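Undergrad: Below is the sequence, then the predicted model.
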Amino acid sequence: MEDISEIIPGILYLSSRVAPENKEGLQKRNITHVLSLTQHPIPTFPDLFQYKLIKIDDAGSEKLSQHFQECHEFIGNLLAPYTFLY
């Protein structure tokens, strides 16, 4: 799969905007949800995956912090069943 990094093994991944367009790659990793932060987010497979879309510009001046809570809630709800020890 294009530009995809495993953040929490088998659970959480980070990728470029192109990777979520690879249905087989997502399914191979058992990915069920996609959080997309881009100006033109398009759910490629809405019948197969749940999407959270946040429209932002790909610019250094973009204020990402205003979206942290919304992203945290989306990811947190998915990770709730797991227990992590650090």
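TA: Perfect, thanks for sending it. Predicted model, so just to flag it, every value in this text is computed and none were measured. Numbers count the residues shown, from 1 in each chain.
Undergrad: Quick one: the strands in the chain, in order.
TA: 4-8, 12-15, 33-38, 50-55 (DSSP state E).
Undergrad: Apart from its neighbours in sequence, what residue is nearest the most centrally placed residue in the chain?
TA: Nearest to the mean C-alpha position of the chain, by CA atoms, centre = their mean, lies Leu35 at 3.1 Å. Excluding the flanking residues, the one nearest Leu35 by CB to CB, 6 or more residues apart in numbering is Lys52, at 4.7 Å. All C-beta spots, glycine's among them, are computed from the backbone N, C-alpha and C.
Undergrad: for the chain, what's the longest helix?
TA: Using DSSP state H, we find that the single longest helix of the chain is helix 68-79.
Undergrad: ok, and what's touching that helix?
TA: Under the contact criterion CB atoms under 8 Å, 6 or more residues apart in numbering, helix 68-79 has outside partners Ile8, Ile11, Leu12, Thr32, His33, Leu35, Leu37, Lys52, Ile54.
Undergrad: so Pro43 touches Leu53, yeah?
TA: Yes - counting by CB atoms under 8 Å, Pro43 does reach Leu53; the two are 7.0 Å apart.
Undergrad: where does the protein have low pLDDT?
TA: 1-2, 83-86 (pLDDT under 70).
Undergrad: Let's see that with 80 instead.
TA: The chain contains residues with pLDDT under 80 at 1-2, 40-42, 58, 81-86.
Undergrad: what about the residue nearest to the centre of the chain, distance to Leu79?
TA: Leu35 is 12 Å from Leu79, where distance means CB to CB, to the nearest Å.
Undergrad: Using neighbour counts, pick out the buried residues of the longest helix of the chain.
TA: By 16 or more other CB atoms under 10 Å, the buried positions in helix 68-79 come out as Phe74, Ile75, Leu78.
Undergrad: and which of those residues is nearest Asp3?
TA: Ile75 (19.1 Å; CB to CB).
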